[in-house]
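Visitor: take a look and give me a structure for this.
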Amino acid sequence: MITSGSESVCLDERRHAVVLAGPFVRALGLAAVGIGCMAIGWPASIAGVLLQAGGAGIALRAVWMWERTRVVLTTEKLFVVHGTFHRRAAAVRLSQLGAVEIEQSLVGRLMGYGTIVAGELEIDYVPQPRRIRGIKQASYCCRPDPCGMHSVTCALSLHSGCPHQHYQRL
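Guide: Predicted coordinates for the structure are as follows:
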């Protein structure tokens with residue numbers, strides 16, 4: 001993922017867990033119908049077992065895809081990496097970025113997720129997207145203080161500057 005020796009990772013996160021809501025609702029629906037079929041008895045119970053297995057498969061696939069998708073911000077680029085056997089990455093260089101847009105619906109603001117649009121790259125369901133507001137300043141990643149009292153977000157210093165004296169510009 002990292003292409004140069006001077007490039008360091010500032011943020012590496014999964015997408016927000018809200019992406020699992022739709023598949024889980026479908027999986028629970030199939031499981032409920034499956035339980036209903038099993039309550040009817042033979043031969044509907046065979047369909048019930050198959051419906052429950054299908055629901056479990058949908059939930060497992062959704063969690064697997066969520067687990068294997070990462071949003072990564074380095075000192076030089078922003079990208080999303082996804083896939084298990086065939087890993088894919090879509091990236092945009094910070095030096096070539098114009099405006100970075102953050103889109104959040106009312107539900108997104110309440111639950112803490114949004115969409116980041118950076119050049120040609122659009123990343124949905126990014127947790128706490130406001131942290132990436134100062135994305136062009138990502139080359140100013142800070143080192144955490146020796147006592148370890150500050151959060152990772154503060155240590156990233158994605159804003160215009162870190163107010164803490166024991167943080168240094170890399």
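Visitor: ok, residue 123 - how many residues close by?
Guide: Using other Cβ atoms under 10 Å, residue 123 is surrounded by 20 other residues. C-beta coordinates here come from the backbone N, C-alpha and C atoms, glycine included.
Visitor: what helix or strand is it located in?
Guide: Assigned by DSSP states H and E, residue 123 falls within strand 121-127.
Visitor: which strands and helices sit next to that strand?
Guide: strand 9-14, strand 77-82, strand 88-93, strand 113-118 (3 or more Cβ pairs under 8 Å, 6 or more residues apart in numbering; DSSP states H and E).
Visitor: my read: residue 74 touches residue 10, true?
Guide: Yes: with contact defined as Cβ atoms under 8 Å, residue 74 and residue 10 form a contacting pair (6.2 Å).
Visitor: can you redo the helices and strands packed on strand 121-127 as TSV with mean neighbour count, mean pLDDT and distance to residue 26?
Guide: Formatted as TSV, those follow (neighbours: other Cβ atoms under 10 Å; pLDDT from 0 to 100; distance: least, Cβ to Cβ, whole Å):
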stretch	mean neighbour count	mean pLDDT	distance to residue 26
strand 9-14	17	86	20
strand 77-82	20	89	20
strand 88-93	14	89	25
strand 113-118	20	92	20
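Visitor: how much space separates residue 104 from residue 39?
Guide: Separation of residue 104 from residue 39 (Cβ to Cβ, to the nearest Å): 43 Å.
Visitor: mind checking how far the residue of the chain most remote from its centre is from residue 84?
Guide: No residue in the chain sits farther from the centre than residue 42, which is 43.8 Å out by Cα atoms, centre = their mean. Computed with Cβ to Cβ, the distance linking residue 42 and residue 84 is 39 Å.
Visitor: same thing with residue 6?
Guide: 30 Å.
Visitor: pLDDT below threshold where in this protein?
Guide: Applying pLDDT under 70 to the chain picks out residues 1-4, 133-170.
Visitor: helices and strands around the helix ranked longest in the chain, which ones?
Guide: Identified as the longest helix of the chain according to DSSP state H is helix 44-67. Helix 44-67 sits against helix 21-40, with contacts defined as 3+ Cβ pairs under 8 Å, 6+ apart.
Visitor: got the contact list for the helix it packs on?
Guide: Applying Cβ atoms under 8 Å, 6 or more residues apart in numbering, the contact partners of helix 21-40 are 44-45, 47-52, 54-56, 58-59, 61-62.
Visitor: in ChimeraX, select just the buried ones from those.
Guide: Command for ChimeraX, covering only those of the contacts of helix 21-40 found buried under the criterion 16 or more other Cβ atoms under 10 Å:
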select :48,51,52,54,55,58,59,62
